[in-house]
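S.K.: Give me a 3D structure for the following:
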Amino acid sequence: MSKHGRILVAMSGGIDSSLAAVMLHEEGYEVIGMTMKTWDYAGSGGSKKETGCCSLDSINDARNIAVQLGFPHYILDIREEFGDYVIDHFTGEYLEGRTPNPCVLCNTHIKWDALLRRADRLDCESIATGHYANIRQLEGGKSDGRYVISKGIDAWKDQSYVLWGVSQESLSRTKLPLGYLHKSEIREMAKERGFIDLVNKSESYEICFVPDNDYRGFLKRRIPGLEAEVAGGNFVHQDGTVLGQHEGYPFYTVGQRKGLGIALGRPVFVTEIRKDTNEVVLGDLPDLYRDGMVVGKLNLQKYPNLDNPLETVTKVRYKHEGTPATVAQEAPDRIRVNFHDGVNGIAPGQAAVFYEGDDVIGGGWIMKSFRQ
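M.R.: The predicted structure is shown next:
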């Protein structure tokens, strides 16, 4: 009988999730490893060799760790549920003129649910992942007993932003062993244990089902005829002047500067996508700045609701450093955000996450941005 009980660990085959499993095993947990197969890139028509968490090499790397340490390892095929939910949402958002964030969606709506269902079947009390973040249970006030995601100690690797959507029930059964460690410490731990292949393994930061990082090509392959249907729309200036023609509104995102295919003698940026008229609005950098935004489809972690306006630091994308903002809950599923200073490149469809210190208050999906 194990000292701490049985735990199901999500293992992608990379160094982070592998070391999470190793650490829990060494602490005395009865570890069961599980690698999730989310996507078969070989059938998508892409040009790049299959890499990342869904590749055969990664599955084998995860299994090898389990074999060396003597704990079970399973492969979980969730391609159907992943495709129906994450990929359909991904393509649908671009067709609506928004910029999706499939990794957040996958974490909160697919992977956690899938892991917990299998954990129940395998009599595991909890699950674990290799994310750089922390989970703690609060005491006192209206937050008493609630679970909250907090930033990982490694500021560069912190992944709290992508975990805002995890439910209270799921957080109560989740462990994140890497939250109090730096990436350099994880690498050193792997070296000490002889896992040199993990240390030398390159890491992928691309969307798992778009490993060549060409989302335009993916959309064209996924939706036959799309290119012809949307081609020939206009680039327009902020003042309405027609500047030229573009390839189709789904192939552009707010904040984009490179790859526009138009030369105006100065840097210009996409400031708005107009789906209904197939227009892509271009402007100068100051034209990207917004005073606020409306965020919907909320998940609040730290508080059950926001009774009064709250001062926060709000992030509008993963690598955004965050900016001071006042947030006010206007409806059960809608928050209005007013930035203390302007923020540029706010893209509808991306996630917005609200912080109080290191704690994630909650987050939601950006519906629209505005100027005062």
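
S.K.: What is the neighbour count of Asn106?
M.R.: You called it Asn, but residue 106 is Cys. 26 (other CB atoms under 10 Å). (Each C-beta comes from the backbone N, C-alpha and C, glycine too.)

S.K.: Find the nearest non-adjacent residue to it, please.
M.R.: Here the nearest residue to Cys106 in space, its sequence neighbours aside, is Val86; by CB to CB, 6 or more residues apart in numbering that works out to 5.0 Å.

S.K.: and that neighbour, backbone torsions?
M.R.: phi -70, psi -50 (degrees, to the nearest 10).

S.K.: again, but for Pro224
M.R.: Main-chain dihedrals, Pro224, degrees, to the nearest 10: phi -60, psi 140.

S.K.: shaky segments in the stretch 1-150 of the chain?
M.R.: Applying pLDDT under 70 to the stretch 1-150 of the chain flags the ranges 1-2, 41-54.

S.K.: returning to that earlier point: what separation do you get for the residue nearest to Cys106 and Arg193?
M.R.: Noted for Val86: a distance of 34 Å to Arg193, by CB to CB, to the nearest Å.

S.K.: Looking at these two, which has the bigger crowd around it?
M.R.: Val86 (25 against 16).

S.K.: Quick check, the more buried one in contact with Pro102.
M.R.: Yes - the pair Val86 and Pro102 qualifies as a contact (CB atoms under 8 Å) at a distance of 5.2 Å.

S.K.: what sits in contact with each of these two?
M.R.: Common contacts of Val86 and Pro102 (CB atoms under 8 Å, 6 or more residues apart in numbering): Phe209.

S.K.: so what's Val295 up against?
M.R.: Counting by CB under 8 Å, 6+ apart, Val295 has contacts 334-337, 352, 363-367.

S.K.: nope, Leu178 is what I meant
M.R.: Per CB under 8 Å, 6+ apart, neighbours of Leu178: 16, 19-20, 130-132, 152, 186.

S.K.: Report the two of those residues separated the most.
M.R.: Greatest spatial distance among the contacts of Leu178 (CB to CB): Leu19 and Gly152, at 13.8 Å.

S.K.: Leu171 is in contact with Ile135, isn't it?
M.R.: Yes - taking CB under 8 Å as the definition, Leu171 is a contact partner of Ile135 at 5.5 Å.

S.K.: For these two, list the residues in contact with both.
M.R.: Here Leu171 and Ile135 have 147-149 as joint contacts, going by CB under 8 Å, 6+ apart.

S.K.: Using CSV, lay out these together with distance to Gly292, neighbour count and secondary structure.
M.R.: As requested, the shared contacts of Leu171 and Ile135 are exported to CSV (distance: CB to CB, whole Å; neighbours: other CB atoms under 10 Å; DSSP: H, G, I helix; E, B strand; the rest coil):
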residue, distance to Gly292, neighbour count, secondary structure
Tyr147, 29, 20, strand
Val148, 25, 23, strand
Ile149, 24, 32, strand
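
S.K.: Out of the residues you listed, the closest to Leu95 would be?
M.R.: Nearest member of the shared contacts of Leu171 and Ile135 to Leu95, counting by CB to CB, is Ile149, at 31.1 Å.

S.K.: Any idea what that closest one is bridged to?
M.R.: Counting by DSSP bridges, Ile149 is bridged to Ile135.

S.K.: Quick check: which element contains Gly145?
M.R.: For Gly145, there is no helix or strand it lies in under DSSP states H and E.

S.K.: pLDDT value on the nearest residue to Lys151 once chain neighbours are set aside, please?
M.R.: Among residues not flanking Lys151 along the chain, Asp358 sits closest, at 4.2 Å (CB to CB, 6+ apart). As predicted, Asp358 sits at a pLDDT of 97.

S.K.: Next, the contact list for Asp358, please.
M.R.: Residues in contact with Asp358 (CB under 8 Å, 6+ apart) are 150-151, 160.

S.K.: How about the contacts made by Tyr74?
M.R.: Tyr74 neighbours (CB under 8 Å, 6+ apart): 32-35, 118.

S.K.: Would you reformat the residues you listed as a markdown table and include secondary structure, distance to Lys275 and neighbour count?
M.R.: Converted to a markdown table, these look like this (DSSP: H, G, I helix; E, B strand; the rest coil; distance: CB to CB, whole Å; neighbours: other CB atoms under 10 Å):
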| residue | secondary structure | distance to Lys275 | neighbour count |
| --- | --- | --- | --- |
| Ile32 | strand | 45 | 22 |
| Gly33 | strand | 43 | 24 |
| Met34 | strand | 39 | 23 |
| Thr35 | strand | 38 | 24 |
| Arg118 | helix | 39 | 18 |
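
S.K.: Perfect, that will be all.
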